[in-house]
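Peer 1: sequence first, predicted model second:
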Amino acid sequence: MASTTMGDVLPTGGRVFTSIPDLFFIPEFVFGGLVWILVASTEVKHENPMGWVMSVSVFCFVMTTLWFFIFLCGANRSSSWPALDVGYHFVATVFYLGASVPLAFITVLEGQTFAALAALAPASVSGFNPDVLLDARKIYKLHIAAVVMSFLATLFYFIHTIFSAIRWKRS
């Protein structure tokens, strides 16, 4: 069996786009960026959980970008990089899971509020503004999309963590 050197363990340059754990950088960018955009585009009624979701999505997006460029430029040649790769992606997975669950809970609460508001919306109610119902529905749909994207980002970070751990153990 041939010995594995550091040059064989972590890809650099264009090989980042073809190696299995590092191929997940792309969906992490896409889904993480979508969470950021979708949450930022709505009216924030629950500041604390939504602030956490925004903090996680911005932090992970920026750190994944830096991590990606470190790999792309080839600055990942030291023997500690495989362990750092596993560590970062594990932290990102835990952070995203910790943000996805409260986001889903807030979305469920908004769905219940939307349903109650829709039940009170008959034209016979004097002074009812139908724009309120449309705005609530739009925000609810945006939050549903953010929940889906957040759990997908969590999944891709988790898969990246598993494959990075396998690569680390082989090094």
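Peer 2: It's in. Numbers count the residues shown, from 1 in each chain.
Peer 1: moving C-terminal of the lowest-mean-pLDDT helix or strand in the chain, what's the next helix or strand?
Peer 2: Ranked by mean pLDDT, DSSP states H and E, the weakest helix or strand in the chain is helix 6-9, scoring a mean of 54. From helix 6-9 onward toward the C-terminus, using DSSP states H and E, the following helix or strand is helix 20-23.
Peer 1: helices or strands next to that next one in the packing?
Peer 2: Identification of packing neighbours for helix 20-23 by 3 or more CB pairs under 8 Å, 6 or more residues apart in numbering; DSSP states H and E yields helix 130-170. The way it works is simple: take the backbone N, C-alpha and C, and place the C-beta from them, glycine included.
Peer 1: distance between the helix it packs on and the chain's centre?
Peer 2: 5 Å (CA atoms, centre = their mean, to the nearest Å).
Peer 1: let me see the contact set for residue 154.
Peer 2: Counting by CB atoms under 8 Å, 6 or more residues apart in numbering, residue 154 makes contact with 93, 96-97, 100.
Peer 1: quick one: terminal-to-terminal distance for stretch 69-88?
Peer 2: Taking CA to CA, to the nearest Å, stretch 69-88 runs 15 Å from one end to the other.
Peer 1: now that stretch: buried residues?
Peer 2: Of all the residues in stretch 69-88, those buried under the rule 16 or more other CB atoms under 10 Å are 70-72, 76, 81-82, 85-86, 88.
Peer 1: go through the residues you listed and flag which are in helices.
Peer 2: Secondary structure assignment by DSSP state H places 70-72, 81-82, 85-86, 88 of these in helices.
Peer 1: which two of those have the greatest separation?
Peer 2: Pairwise distances across those peak at 19.0 Å for 72 and 86 (criterion: CB to CB).
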